[in-house]
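K.L.:
Just need the structure, nothing else, for what follows:
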Amino acid sequence: MSKGTICIVEDEEDIREILEIQLKREGYTTVSADSGEKGLRLIREHQPQLILLDVMLPGMDGFDVCRALRTEKSTREIPIVMVTARGEEADVVTGLEIGADDYITKPFSPRVVVSRIKSVLRRGARSNEDPNGILEYGTIVVDQPRHLVKVDGEPVDLTATEYKLLVFLAKRPGWVFTRQQIVDNVRGEDYAVTERSVDVQIVGLRKKLGDQAEWIETVRGVGYRAREIN
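P.N.:
Numbers count the residues shown, from 1 in each chain. Modelled structure (predicted):
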């Protein structure tokens, strides 16, 4: 049985064919398009489990496709992994801020792409929060109803902002967030803050987490993420 359908929107035929072969070997069904417009039609028709979306496409580019998908009720929840040229950090930031779930830089190994796809699909199927609002991430435990944080069994005193930042990242291990996304979700879109302010909050949180500080990873040129726990 198929593990699900992956839609590949990529205008380079060689890359598209390699990805199709690799994904089919892994048990996925694939549908593919060589332009943004064709990709949108395929996605609306097939409702795939995940979309692999190139940024640079003829006509409607990947950003426009992503924006369109995130505004439609039937497609807004489908995970999107964007593909961008190596070193184009601005593309990564833009993609994440308009709704992409992850990104891959070119050139890439097809096996790495499959691994990242599996990771994104796992995130959507798994929750580390129990029905009582207890959030567990490794040895970090957040009791949300009591607003209590413990690390290795010991209480940790966090500021309100540090607490919100911890909860935001720990609920989504493996997800990369830009500094602006962190600001919008932790303090509200109207809160005036610089990127440097986010960095300072991360430094303070890491210090208080002690031996568990390493679970907050810096993604150079983009932002931060909580390390994914397998």
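
K.L.:
and the residue of the chain positioned farthest from its centre, what pLDDT?
P.N.:
Counting by C-alpha atoms, centre = their mean, the extreme residue of the chain relative to its mean C-alpha position is residue 154, 30.1 Å from that point. We note a pLDDT of 93 for residue 154 in this prediction.

K.L.:
residues in contact with it?
P.N.:
With contact set as C-beta atoms under 8 Å, 6 or more residues apart in numbering, residue 154 has no partners. Bear in mind the C-beta positions are built from the backbone N, C-alpha and C, glycine included.

K.L.:
Show me the beta-bridge partners of it.
P.N.:
Counting by DSSP bridges, residue 154 forms beta bridges with residue 151.

K.L.:
Please report how far it lies from residue 144.
P.N.:
18 Å (C-beta to C-beta, to the nearest Å).

K.L.:
At which residues are the helices of the protein located?
P.N.:
Taking DSSP state H as the test, the helices found in the chain are 13-25, 36-46, 62-71, 89-97, 110-125, 160-170, 179-186, 195-209.

K.L.:
Save the ones you listed as a markdown table, and put in mean pLDDT too.
P.N.:
Output for these, formatted as a markdown table (pLDDT from 0 to 100):
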| stretch | mean pLDDT |
| --- | --- |
| helix 13-25 | 94 |
| helix 36-46 | 96 |
| helix 62-71 | 96 |
| helix 89-97 | 88 |
| helix 110-125 | 84 |
| helix 160-170 | 89 |
| helix 179-186 | 85 |
| helix 195-209 | 89 |
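
K.L.:
With mean neighbour count and distance to residue 137 added, can I get those in TSV?
P.N.:
Shown next, in TSV, are these (neighbours: other C-beta atoms under 10 Å; distance: least, C-beta to C-beta, whole Å):
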stretch	mean neighbour count	distance to residue 137
helix 13-25	16	30
helix 36-46	18	32
helix 62-71	18	27
helix 89-97	19	21
helix 110-125	16	13
helix 160-170	19	4
helix 179-186	19	17
helix 195-209	16	10
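
K.L.:
Now distance to residue 53 too, for the ones you listed, in a markdown table please.
P.N.:
A markdown table is the format used below for those (distance: least, C-beta to C-beta, whole Å):
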| stretch | distance to residue 53 |
| --- | --- |
| helix 13-25 | 12 |
| helix 36-46 | 7 |
| helix 62-71 | 5 |
| helix 89-97 | 8 |
| helix 110-125 | 12 |
| helix 160-170 | 24 |
| helix 179-186 | 19 |
| helix 195-209 | 26 |
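
K.L.:
Indicate which one of those is closest to residue 138.
P.N.:
Distance to residue 138, taken as C-beta to C-beta, is lowest for helix 160-170 among the helices of the chain, at 9.1 Å.
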